[in-house]
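> 3D, please:
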Amino acid sequence: MLKLLRQTNFALFWTSGLVSAAGDWVLFTALPFFVYHLTGSPLATGAMFVAQTLPSLLWGPVGGVYADRWNRQQVMIVADILRGIVLLPLLLVRSAESVWIVYVVGFLEVSITQFAAPAETAILPTLVPETDLAAANSLNAMNDNLARLAGPALGGAAMATYGLPTVVMLDVASYVVSALLIAFLKPPVQAAALREHATIWGDWLAAMALVARRRPLAVLFGVTATAVVAEGVLTVLLVPFVKDLLGGGAADFGWLMTARGVGGIAGGLLVGMMASVLRPEKMLSAGLAGCGAILLAMVYFRSLWAGLALLVLVGIPGTAFIIGAQTLLQTNAPDEFRGRISGSFGTTLALASLAGMALGSTLGAPAGVAAMFSAAGFIYLVSAVTAWIGFRRQWNGAPKQEARVPRP
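Here you go, the predicted model:
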C-alpha cells in the first residue's frame, strides 16, 4: 500500500487532501465555540451546521456535471483558491450582530466543495492502476482520520492562544498549499468532455439513466443510502447515548471520539493491506455487517470501557464499508460519467443522513436511545444482506454488468 506514496501523482494528491482536511478541522473545531461565545445561543450555533449542510442538497448534482464538463485538475485548483478567499470575511466577525457572516461563509465554502469533491473522486482512478484503487482509497480514508486527530488539537490551541483570525488564516494557508500541490499533478488526458450545448438537467438525467441500467451502481446507491440513514440516527443520539446509557460526561465523549479516529486509522491500514486480495463488494458487505454487530454490542454492554474498545474496533468495518463503496463507484462509473454519478451519490447520502437525523430526533425520546441504537444496528445488518444479494454475481467473479451508455 505504501508504494503508492512513492508515485509522484498520488503522493501530491494524497498530501493535498491531508493538508486541506487538517485545515478544515482546525476551523471546524474553533468556529462553533466562537459562535456560541458571541451569541450564547445553541440555536445560533446549530444554524451554522444547517448552512453547511444545504449546499450538498442544492449543488451536488450540478457540481458533478461540471466535474465532467471541465478539466478536473483545474476545478480542484480553482476551488481551493476560492475557498481560501471565501474564508477571509470571517476576520470581520467580532460580535453577535455579525454572526450572519459565518452562515454566509459556511454556505459558500461548502457550495464550492460540491464542485471540488466530484472532481477529486473522478480524477483518482486516473492516477493509479485499477488494481491499486482500493488501496488508494484506503490511504485517503486514513488521511481524513489523521487530520481529525491533528486538526482539532491545533485549532483548539490556536483559538485559545491567538483567537479566531489565526485559526482562519491557518485554514486559508491549507487551501493555498493544497492548490499548489494539485498544480504539480500530471494526470492522463481526461475523457471527452460533455457537449457544451447540452443542458445541465439533460446531462444529469443521462448519468442517472446509466445508474438505473448498471446493476452494481443501482445496488450501491440503495444499500449505501439505507446504511447512512442509520448513521444519521447515531449522529444525533450519540451524545445522549454516552450521557444517559454509559454515564459519561463531556471529557468521556471526547475520548470516545478520539477512539473512533484511532480506529479509523487502524482500519485504513488494515483494509489497505487487504485491498489486493479482497474484492470491494466483499469489503462493503462485510463492513456493513461489522458495523451493525458492533452497534448491537455497544447497546448490550453499556460501559465506557466497552464503548472505547468497540469504537476503536468499529473503525475496521467502518473503513471497509467506505472504501468498498468508493471503489465500487469509481470502477463501475465510466470516466465521462464519473463526476456526475459521484455528485449525485453525495447528494443521495446527504438526503439519507438528514432523514436519519430527523428519525433520531423525533423518535429518540419516545422510543428510547437504546432502542434507536439497536434499530440502527439492524439497519446496517439488513444493508449487509442486501449488498450480498445484490453483488453476488460479482462475488462469484462474474464480469461487471455492462449497459449501453446513454448519450447526453
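> Helices of the stretch 301-408 of the chain, residue ranges please.
Secondary structure of the stretch 301-408 of the chain (DSSP state H, counting those that start in this stretch): helices at 304-313, 315-332, 335-367, 369-390, 392-395.
> leaving aside the residues next to it on the chain, what's closest to Leu154?
The shortest distance from Leu154 to any non-neighbouring residue, by CB to CB, 6 or more residues apart in numbering, is to Val26 (5.3 Å). (C-beta placed from N, C-alpha, C; glycine too.)
> Then Val128?
Ala136 (4.8 Å).
> Same check on Thr348?
Ala225 (5.3 Å).
> still on that earlier bit, tell me the most buried of the helices of the stretch 301-408 of the chain?
Ranked by mean neighbour count, those are led by helix 315-332 with a mean of 25 (mean count of other CB atoms under 10 Å).
> helices or strands next to that one in the packing?
Here helix 315-332 touches helix 100-123, helix 133-161, helix 215-240, helix 250-274, helix 280-301, helix 335-367, going by 3 or more CB pairs under 8 Å, 6 or more residues apart in numbering; DSSP states H and E.
> Tell me which of those sits nearest to Ser374.
helix 280-301 (5.2 Å; CB to CB).
> tilt between that closest one and helix 250-274?
150 degrees (axes from the mean of the first three to the mean of the last three CA atoms, to 10 degrees).
> picking up where we left off before, will you turn the helices and strands packed on helix 315-332 into CSV that also has mean pLDDT?
Below are the helices and strands packed on helix 315-332 laid out as CSV (pLDDT from 0 to 100):
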stretch, mean pLDDT
helix 100-123, 92
helix 133-161, 80
helix 215-240, 90
helix 250-274, 77
helix 280-301, 93
helix 335-367, 87
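> As CSV, those with distance to Val93 would be great.
Formatted as CSV, the helices and strands packed on helix 315-332 follow (distance: least, CB to CB, whole Å):
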stretch, distance to Val93
helix 100-123, 5
helix 133-161, 13
helix 215-240, 26
helix 250-274, 25
helix 280-301, 38
helix 335-367, 26
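> Can you say which of these is nearest to Ala320?
That would be, of the helices and strands packed on helix 315-332 and by CB to CB, helix 280-301, which comes in at 3.4 Å.
> what is the orientation angle of that closest one with helix 304-313?
Angle, helix 280-301 to helix 304-313, by the same axes, to 10 degrees: 180 degrees.
> start at 14 instead
Yep, numbering from 14; the last one is helix 293-314 now.
> Packing partners of helix 293-314?
Secondary elements touching helix 293-314 (3+ CB pairs under 8 Å, 6+ apart): helix 228-253, helix 317-326, helix 328-345, helix 382-403, helix 405-408.
> angle of the third one against helix 382-403?
In other words, helix 328-345. Inter-element angle recorded for helix 328-345 and helix 382-403: 40 degrees (by the same axes, to 10 degrees).
> pull the CA atoms of helix 328-345 into CSV?
C-alpha atoms of helix 328-345 as CSV (Å, rounded to 0.1, in the frame of the first residue of the first chain):
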residue,chain,number,x,y,z
GLY,A,328,-13.0,1.7,12.6
ILE,A,329,-12.1,-1.5,10.7
PRO,A,330,-15.6,-2.4,9.3
GLY,A,331,-16.5,1.3,9.0
THR,A,332,-13.4,1.9,6.8
ALA,A,333,-14.1,-1.3,4.8
PHE,A,334,-17.7,0.0,4.1
ILE,A,335,-16.5,3.4,3.0
ILE,A,336,-13.6,2.1,0.8
GLY,A,337,-15.7,-0.6,-0.7
ALA,A,338,-18.4,1.9,-1.7
GLN,A,339,-16.0,4.4,-3.1
THR,A,340,-14.1,1.8,-5.1
LEU,A,341,-17.3,0.3,-6.5
LEU,A,342,-18.5,3.8,-7.6
GLN,A,343,-15.2,4.6,-9.3
THR,A,344,-14.8,1.3,-11.1
ASN,A,345,-18.4,0.9,-12.3
